[in-house]
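*Asks:* only geometry, no sequence info:
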């Protein structure tokens, strides 16, 4: 394994790196008659970063004992999400972070030590072999508590 001396950490995008709720509400107001406004292009690329997410991502990437990846599930309603998530990563985290992006609806297929995700189930999180850090939970309400865990 390439990263045998490092802990592998996966970070979800929606609700963890990106403020999906605010972006969805804005997109919904733009397309009020659609049952699935997320099916229209532009949603994922327009999402704002969660508070502290950019700094936390950069700090985690700078830790010599960690290897950081972004593991995000695609939207079944929007095929544009693949390219928009890729663009979002480059715009907010830099071009080098693009090589850390994995888009998959099967998070349990990836080997690693930690998965930082806002959902405990739904995309294989409950079968992930490592430790799930449930972002937004009582124990990990935001990025400062996640960073304390890795400090």
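*Replies:* Received it, and whenever you're ready, just let me know what you need. Keep in mind that this is a model prediction, so the values were computed, not measured.
*Asks:* Where is the longest helix in the protein?
*Replies:* Secondary structure of the chain per DSSP state H: the longest helix is helix 81-93.
*Asks:* Farthest from the middle of the chain: give me that residue.
*Replies:* Relative to the centre of the chain, the most outlying C-alpha is that of residue 33, 28.3 Å out, by CA atoms, centre = their mean.
*Asks:* and that residue, which of the three is it?
*Replies:* coil (DSSP: H, G, I helix; E, B strand; the rest coil).
*Asks:* quick one, what contacts it?
*Replies:* For residue 33, the contact set (CB atoms under 8 Å, 6 or more residues apart in numbering) is empty. Placement of C-beta: from N, CA and C, glycine included.
*Asks:* Relative to residue 25, how far out is it?
*Replies:* Residue 33 is 15 Å from residue 25, where distance means CB to CB, to the nearest Å.
*Asks:* With residue 86 instead?
*Replies:* Residue 86 sits 23 Å away from residue 25, going by CB to CB.
*Asks:* These two - which one has more neighbours?
*Replies:* Using other CB atoms under 10 Å, the more surrounded residue of residue 86 and residue 25 is residue 86, with 16 against 12.
*Asks:* Please consider this matter closed, and thank you.
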